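Colleague: Give the three-dimensional model of this entry:
(chains A and B)
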Amino acid sequence: MEILNLEGTEDTPKIILDKKNGIFEISGRSLPEDSAEFYRPVLEWIEAYGSESNPSTDFVFKLEYFNTASSKLILDVLSALEDIKGMKILWYFHEDDEDMEEAGQEFSELVEIPFEFKTY
Amino acid sequence: MNFIYDLHRTMMSQKLILVYQGDFTQESTKSILSMAERNLDSSGEESSIKRKVFNVMVEALQNIVKHSDELVDGQIRSHAAIFLIGKEANRYSIMSGNPVQKTNVPKLQKNLEQINGLDKDGLKELYKEIIKNTTISEKGGAGLGFVDMARKSGGKLEFEFPEMNAEYCFFCLKVNVPRDNE
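Modeller: Below is the predicted model:
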């Protein structure tokens, strides 16, 4: 599978989806002008990955900030990951960022995937 | 040119640290955010408060970009809106003003009143309800902005709709973020 690699910018997150090396990570800031457009390739990549996924996948979210339009798309990403076997979400939040911790907890209540919470 | 001094005095007395008026785009949003961020950083504000202010700012600015109605007055078409940040000893206030067509006001008002009628848990439930069922609108919004602002603020959203003319009102919104972190 091709690697999806997007450099982070001041309003879009850094994204690496690399099946071969087992790296699945969305990090940084997400407040794009058009969140649906921005996340479309991510959702397409995950859909393709679903049919040839690794035995286990640790999918990392290490977000500093995301806007509400992105939160809907993050839920779409999580929903797409939900059906993949061996999926686990590693939800990182800054140690004093209660809002990001709570956001992760809310997402974990909305999808049936195990979440592991980690601070950085 | 006394208006310059008057404007300056108004900004001082209202404790405004940032005022932007003009066209709002994603590009101007990014510039305003980075200016405000530098200001908050240099004042040594606590990071949790900084994050909440940033959060409310993004939603308020993107609301203007996505929803401010174009004002058509004869030959003049304008997207002009205003965005302000106030800083007092005990709180930041994130304020915005933009034209909305009168026909859009009742729905907006109802939405804001519903949010103001909810407590912390009620807002959380509403947020989860919307995010589960919403689809991204043509304008690119998820319908979650006001709920998120209310959650980050921990207080009520203040709003007014002064009349501009027969067709438009000016939607004024004020969201406070307390500085004394519980």
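
Colleague: could you pull out the helices for chain A?
Modeller: Counting by DSSP state H, chain A has helices at residues A:35-50, A:68-82, A:98-110.

Colleague: what's the second one in contact with?
Modeller: The reference is to helix A:68-82. By C-beta atoms under 8 Å, 6 or more residues apart in numbering or on different chains, the surrounding residues in contact with helix A:68-82 are A:26, A:30-32, A:35-36, A:38-39, A:42-43, A:46-47, A:50, A:57, A:59, A:61, A:66, A:87, A:89, A:103, A:107, A:110-113, B:59, B:62, B:131-132, B:134-136, B:140-142, B:144-145, B:147-148. Where you see a C-beta, it was placed from the backbone N, CA and C, and this is true even at glycine.

Colleague: would a markdown table of the helices of chain A with mean pLDDT and mean neighbour count be doable?
Modeller: Converted to a markdown table, the helices of chain A look like this (pLDDT from 0 to 100; neighbours: other C-beta atoms under 10 Å in any protein chain shown):
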| stretch | mean pLDDT | mean neighbour count |
| --- | --- | --- |
| helix A:35-50 | 96 | 17 |
| helix A:68-82 | 96 | 21 |
| helix A:98-110 | 96 | 16 |
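
Colleague: quick one, which of these is nearest to residue B:174?
Modeller: helix A:68-82 (18.9 Å; C-beta to C-beta).

Colleague: Also compute the angle for that closest one relative to helix A:98-110, please.
Modeller: If you take axes from the mean of the first three to the mean of the last three C-alpha atoms, to 10 degrees, helix A:68-82 sits at 40 degrees to helix A:98-110.

Colleague: Just want the angle from helix A:68-82 to helix A:35-50.
Modeller: Interaxial angle, helix A:68-82 versus helix A:35-50 (the same axes, to 10 degrees): 10 degrees.

Colleague: lowest-pLDDT helix or strand in chain B?
Modeller: strand B:76-78 (a mean of 70; mean pLDDT, DSSP states H and E).
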